[in-house]
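**Student:** let me see the structure of the following:
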Amino acid sequence: MRLTVLALDGVFDTALCTVLDAFNTANELAGIDARGARPHFDVEVIGVRREVRTALGMRVPVEPLAAMRDSDWLVVPAPGTKMPEQLLPALARRDMADAMALVNERHAGGVKVAAACIGTFVLAEAGLLDGREATTSWWLAPLFRQRYPQVRLDSTRMLVPSGDIATAGAAMGHLDLALWLINQASPDIASTVARYLLVDPRPSQAPYMIPAHLARADPLVERFERWARGRLAEGFSLDAAAKTLATSGRTLQRRIEAVLGKSPLAYFQDLRVERAVHLLRTSRLGVDAIAMQVGYADGATLRTLLRRRLGRGVREIRGGASDD
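**Tutor:** Sure, this is the predicted structure:
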């Protein structure tokens, strides 16, 4: 498999190194796999400028565009701009525009494209994700939804393949993306690399999300979040929330769906789960008592919800403590 890694100026150090280390490890570990093949990953690093430095100021040796070879995949590691106030000006840079033009040109020529974390913004800004499913850094999902409404975003997923484009979630999602690419050539080697690097399967970003951070993307959503936190033990009422916040239920529903990509009730349940997890980790309360504090009739309901939302049970959340 031939891969081209596009190193943008100010690239997130961990992003670039994670991708390169994963493929280098795969090459070191590659032997004859179960299909009788000997997978090899031919990786080149290119830049749209002759000199590229990481976000921490380290110089990246890159090949010039003129030397760029034909590849199976073009991989875009994340820029090192982690917050909206830094990201939006970065996307307007000339070198970013040149990078987007390059990605579009190569994709039109048949090269498959992959990005993780904030690198997904580069693909979306270039228009490559319009009409497709995708994921991105969980904390930037509200900005992504508002800026790219044509993209079918599911920020809970860690990795989303969509035809000849693949996107992955935040930060260490680069490792998930690299392992997925390795798996396309050899599932055996991908499994071995994961074992060597101590990587467990992470199909979802949901366990890592902080609901309060997402709510701050919009004043009305943030006010709803504060209202909801004070009523987790009570039943949910959209009309009561709207009345307290001096808006209509329809307006509140639309705003929360536009910013968070989910209904007010679903977000209310996210807050219940977050509170339940906090109590499981920091208190000696039994599951039934915690369930009552977050508005569920019994512990069985809470256990089912935690398993469905987080993929983990009470024992795992408590770090091996009793499942009582």
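
**Student:** from here on, contacts and neighbour counts on C-alpha atoms
**Tutor:** Noted.

**Student:** R307: what's it in contact with?
**Tutor:** By C-alpha atoms under 8 Å, 6 or more residues apart in numbering, the residues touching R307 are G313.

**Student:** what distance do you get for it to A300?
**Tutor:** Going from R307 to A300 by C-alpha to C-alpha, to the nearest Å gives 11 Å.

**Student:** who does the strand or helix carrying E28 touch, helix- and strand-wise?
**Tutor:** Using DSSP states H and E, E28 maps to helix 13-29. With contacts taken as 3 or more C-alpha pairs under 8 Å, 6 or more residues apart in numbering; DSSP states H and E, helix 13-29 sits against helix 173-185, helix 187-196.

**Student:** could these be laid out in TSV, adding mean pLDDT and distance to V19?
**Tutor:** As requested, these are arranged in TSV below (pLDDT from 0 to 100; distance: least, C-alpha to C-alpha, whole Å):
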stretch	mean pLDDT	distance to V19
helix 173-185	96	6
helix 187-196	93	12
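
**Student:** now mean neighbour count too, for those helices, in TSV please.
**Tutor:** Below are the helices and strands packed on helix 13-29 laid out as TSV (neighbours: other C-alpha atoms under 10 Å):
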stretch	mean neighbour count
helix 173-185	22
helix 187-196	18
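
**Student:** how much space between the residue nearest to the spatial centre of the chain and G249?
**Tutor:** Nearest to the geometric centre of the chain sits G169, at 1.8 Å (C-alpha atoms, centre = their mean). Using C-alpha to C-alpha, G169 is found at 32 Å from G249.

**Student:** where are the low-confidence patches of the stretch 201-324 of the chain?
**Tutor:** 320-324 (pLDDT under 70).

**Student:** quick one on the thing from earlier: need the contact list for the residue nearest to the centre of the chain.
**Tutor:** A116, C117, T135, T136, S137, W138, S155, R157, M158, L159, Q205.

**Student:** same check, this time on I210
**Tutor:** Counting by C-alpha under 8 Å, 6+ apart, I210 has contacts W139.

**Student:** about what we covered before: quick check, nearest of the contacts of G169 to L220?
**Tutor:** W138 (19.6 Å; C-alpha to C-alpha).

**Student:** burial measure for that closest one, as a count.
**Tutor:** 26 (other C-alpha atoms under 10 Å).

**Student:** and the residue lying closest to it once chain neighbours are set aside, what element?
**Tutor:** Ranked by C-alpha to C-alpha, 6 or more residues apart in numbering and with sequence neighbours excluded, the top spatial neighbour of W138 is S155, at 5.6 Å. Using DSSP H and E, S155 sits within no helix or strand.

**Student:** I'd like to know how many residues surround S155.
**Tutor:** The number of residues near S155, taken as other C-alpha under 10 Å, comes to 28.

**Student:** wait, what's in contact with it?
**Tutor:** A134, T135, T136, S137, W138, A141, G169, Q205.

**Student:** give me phi/psi at the last one?
**Tutor:** The one in question is Q205. As for Q205, its main-chain torsions (degrees, to the nearest 10) stand at phi -90, psi -10.

**Student:** state the distance from it to A168.
**Tutor:** 10 Å.

**Student:** show me where the stretch 1-150 of the chain has strands.
**Tutor:** Using DSSP state E, counting those that start in this stretch, the strands of the stretch 1-150 of the chain run over 2-6, 42-46, 52-53, 59-60, 73-76, 112-116, 133-134.

**Student:** same list (those strands) but as JSON lines, adding distance to F268 and mean neighbour count.
**Tutor:** Formatted as JSON lines, the strands of the stretch 1-150 of the chain follow (distance: least, C-alpha to C-alpha, whole Å; neighbours: other C-alpha atoms under 10 Å):
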{"stretch": "strand 2-6", "distance to F268": "40", "mean neighbour count": "21"}
{"stretch": "strand 42-46", "distance to F268": "44", "mean neighbour count": "18"}
{"stretch": "strand 52-53", "distance to F268": "43", "mean neighbour count": "18"}
{"stretch": "strand 59-60", "distance to F268": "45", "mean neighbour count": "17"}
{"stretch": "strand 73-76", "distance to F268": "35", "mean neighbour count": "26"}
{"stretch": "strand 112-116", "distance to F268": "28", "mean neighbour count": "26"}
{"stretch": "strand 133-134", "distance to F268": "24", "mean neighbour count": "22"}
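
**Student:** domains of the chain?
**Tutor:** 2-207, 210-317 (automatic domain parsing).

**Student:** fine, thanks again, bye for now.
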